[in-house]
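A.B. asks: Provided below are the primary sequence and the corresponding predicted coordinates.
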Amino acid sequence: MKIGIITASLPMDTKTGLRKARELGAHGVQLWIVDNDLDPRNLTQSGREELVDYMASLNLERSALCGDIGGFTDLSKVDERIARTKQMFDLCVDLKTPILTTHIGVVPADPLSREYDALLGAVREIAEYAANRDCCFATETGPEPAETLAAFLERVNSGGAKANYDPANLVMSGFNHLEGLYALGTYVVHTHAKDGIAHSIAEKKEVMEVPLGKGDVDFPRYLHILREELGYTGYLTIERECGDDPIADIAEAIAFLKRQPGVER
């Protein structure tokens, strides 16, 4: 398994962030492509070609693209968001990066509800668009149990419908991040290496993202299941969404992951 960094966690311009990722020892990056210079509405064809060449010069891979634009549960915005997500898959093709991750919104509990059916239709349309371009649409875990997401993806019934597994999101939502791996199984095509805690102290629940290896994610067991039991050989992409010094936290996370069995040094 290789180590990546999501560029949204690198508070600097794109090229500086790419150089920093390589300097820190990452094998690749997940490119954040929303409302910035890499947004498909802003990145020209020549700019796309230049980006591919520049990353090749750094010997830096693209683990995935991230196009989180607010999900697909708001019926007043769903058509616009579907169209925008399709543009992101056109960018995937140009950047030779077949995985796009995002949050789709909370999967409704009732599979017979109108809301469930609407979300199912939106995700199926996008997943089919992706599959026709040899790409996949990877829904990020967290808002609901992994078992619920797995059942939803099964109903989507498209080769383009996959999952981006974030164990910390599950931990912070109170779900089992290890059992969830078995539920989603071969749907997992990309992961976020992130840690978190969810503790109840007296009557107060403390939920917090923390540096890698300092939270409730059981990384030794989690990585063992990924690699040895599920045969996952993709990226562990570090995401650090808070903290006083995210760059230092990312550097420590890379060192932590490289000490784990099955992770490329």
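C.D. replies: Right, received. Where do you want to start?
A.B. asks: Got the phi and psi for residue 209?
C.D. replies: phi -80, psi 140 (degrees, to the nearest 10).
A.B. asks: Quick check, pLDDT for it.
C.D. replies: Residue 209 carries a pLDDT value of 94.
A.B. asks: cool, and residue 203?
C.D. replies: 65.
A.B. asks: Residue 249 now?
C.D. replies: Looking at residue 249, its pLDDT reads 96.
A.B. asks: Same question for residue 198.
C.D. replies: So residue 198 comes in at 88 (pLDDT).
A.B. asks: Which strand residues bridge it?
C.D. replies: Taking DSSP bridges as the rule, residue 198 bridges to residue 207.
A.B. asks: Pull the number of nearby residues for it.
C.D. replies: Counted with other CB atoms under 10 Å, the neighbours of residue 198 add up to 17. In short, each C-beta sits where N, CA and C put it, glycine included.
A.B. asks: Spit out the contact partners of it.
C.D. replies: Residue 198 makes contacts with 171-174, 205-207, 216, as judged by CB atoms under 8 Å, 6 or more residues apart in numbering.
A.B. asks: Going through these, which one is the model least confident about?
C.D. replies: Of all these, residue 205 carries the smallest pLDDT score, 74.
A.B. asks: wait, is it part of a helix?
C.D. replies: No. If the criterion is DSSP: H, G, I helix; E, B strand; the rest coil, then residue 205 is strand and not within a helix.
A.B. asks: That one and residue 160, how far apart?
C.D. replies: 37 Å (CB to CB, to the nearest Å).
A.B. asks: Repeat that for residue 59.
C.D. replies: Distance from residue 59 to residue 160, by CB to CB: 29 Å.
A.B. asks: where does the chain have low pLDDT?
C.D. replies: 200-204 (pLDDT under 70).
A.B. asks: now the strands for the stretch 101-250 of the chain?
C.D. replies: In the stretch 101-250 of the chain, the strands defined using DSSP state E, counting those that start in this stretch lie at 136-140, 161-165, 188-193, 195-201, 204-210, 235-238.
A.B. asks: Name the nearest residue to residue 85, ignoring sequence neighbours.
C.D. replies: Nearest non-adjacent residue to residue 85, counting by CB to CB, 6 or more residues apart in numbering: residue 126, 5.3 Å away.
A.B. asks: shouldn't the one you found be in contact with residue 82?
C.D. replies: Yes. Between residue 126 and residue 82 there is a contact at 6.0 Å, judged by CB atoms under 8 Å.
A.B. asks: intersection of neighbour lists for the two?
C.D. replies: With CB under 8 Å, 6+ apart, residue 126 and residue 82 have common neighbours residue 72.
A.B. asks: which of those two has more neighbours?
C.D. replies: Just comparing residue 126 and residue 82: by other CB under 10 Å the higher neighbour count belongs to residue 126, 26 against 16.
A.B. asks: What residues of the helix or strand where residue 256 lies count as buried?
C.D. replies: Assigned by DSSP states H and E, residue 256 belongs to helix 246-258. The neighbour-count check on helix 246-258 (16 or more other CB atoms under 10 Å) flags 246-247, 249-254, 256-257 as buried.
A.B. asks: Then stretch 180-191?
C.D. replies: Neighbour-count burial for stretch 180-191, counted by 16+ other CB under 10 Å, picks out 180-181, 183-184, 187-191.
A.B. asks: No more questions from me, cheers.
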